[in-house]
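K.L.:
A predicted structure for the sequence below; I have some questions about it.
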Amino acid sequence: SQTIHQWPATLVQPVGSPLSLECTVEGTSNPNLYWYRQAAGRGLQLLFYSVGIGQISSEVPQNLSASRPQDRQFILSSKKLLLSDSGFYLCAWLRGEWDTQYFGPGTRLTVL
Amino acid sequence: ILNVEQSPQSLHVQEGDSTNFTCSFPSSNFYALHWYRWETAKSPEALFVMTLNGDEKKKGRISATLNTKEGYSYLYIKGSQPEDSATYLCAFIFRGSQGNLIFGKGTKLSVKP
């Protein structure tokens, strides 16, 4: 069976500090991978998606970036965090266009 | 800009009540609609994937209908239980996307025993 891992579960970072959130998927190959964020009072917003190694599409221009160094690894990064980066970050994977997306446990990021 | 609207924003019901919420989405370039259930401190869990106009799906006490021509879907919960308390999200996929979901803000359901 497939599982998706995210870490860390919670993170408190000062403004201007770097960020690295990691997501890995087990039990599947060549999945589509997604990063979402839910900011306070808002819905889930797609940040990045990837259809393969090294292939990243950005949905929202901002100070975040994503990378996919391996087939089942997806990393969300920032060089300098902003207060507005606070939120709940979810990674998800997709088997096929008709299928559901499967979400990881999420990371709660607070930028102070 | 593609927009998915959900109503109501929140709902408080008594145990045993039946309830329903609405998801509105663009009717053009429709590909699929997903419903997810998101409990506090857990990750969203898929309920239904709906693709055809007139689709009706059921899972236990929860069911959903789809009208792609007018751009809406209803989620029904029959005989609500406290464990149904969660945020219910709908998400729209438009034709030509890479399966990317556009989420509504959700309906937060609280069921009191």
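P.N.:
Received the coordinates, thanks.

K.L.:
Check for me that A:Val15 belongs to a strand.
P.N.:
No. Assigned with DSSP: H, G, I helix; E, B strand; the rest coil, A:Val15 falls outside any strand and is coil.

K.L.:
That one: what's it in contact with?
P.N.:
A:80-83, A:111-112 (CB atoms under 8 Å, 6 or more residues apart in numbering or on different chains). For glycine as for every other residue, the C-beta is placed from the backbone atoms N, C-alpha and C.

K.L.:
Which among these count as buried?
P.N.:
Neighbour-count burial within the contacts of A:Val15 applies to A:81, A:111; the criterion is 16 or more other CB atoms under 10 Å in any protein chain shown.

K.L.:
In helices, which of the contacts of A:Val15 fall?
P.N.:
Judged by DSSP state H, the subset of the contacts of A:Val15 located in helices is empty.

K.L.:
farthest pair in the contacts of A:Val15?
P.N.:
A:Lys80 and A:Leu112 (13.9 Å; CB to CB).

K.L.:
could you dump the contacts of A:Val15 to CSV with pLDDT and distance to chain B?
P.N.:
Formatted as CSV, those follow (pLDDT from 0 to 100; distance: CB to the nearest CB, whole Å):
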residue, pLDDT, distance to chain B
A:Lys80, 95, 27
A:Leu81, 96, 23
A:Leu82, 95, 22
A:Leu83, 95, 21
A:Val111, 96, 21
A:Leu112, 96, 22
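
K.L.:
quick one: is the helix or strand of chain B with the lowest mean pLDDT near chain A?
P.N.:
The helix or strand of chain B with the poorest confidence is strand B:102-103; it has a mean of 90 (mean pLDDT, DSSP states H and E). Yes. Interface with chain A: strand B:102-103 contributes B:102-103 (CB under 8 Å from any CB of the partner chain).

K.L.:
Strand partners (parallel or antiparallel) of the next helix or strand after that strand?
P.N.:
Sequence-wise, the next helix or strand downstream of strand B:102-103 (DSSP states H and E) is strand B:107-112. Paired with strand B:107-112 in the same sheet, following DSSP bridges, are strand B:10-14 (parallel), strand B:86-94 (antiparallel).
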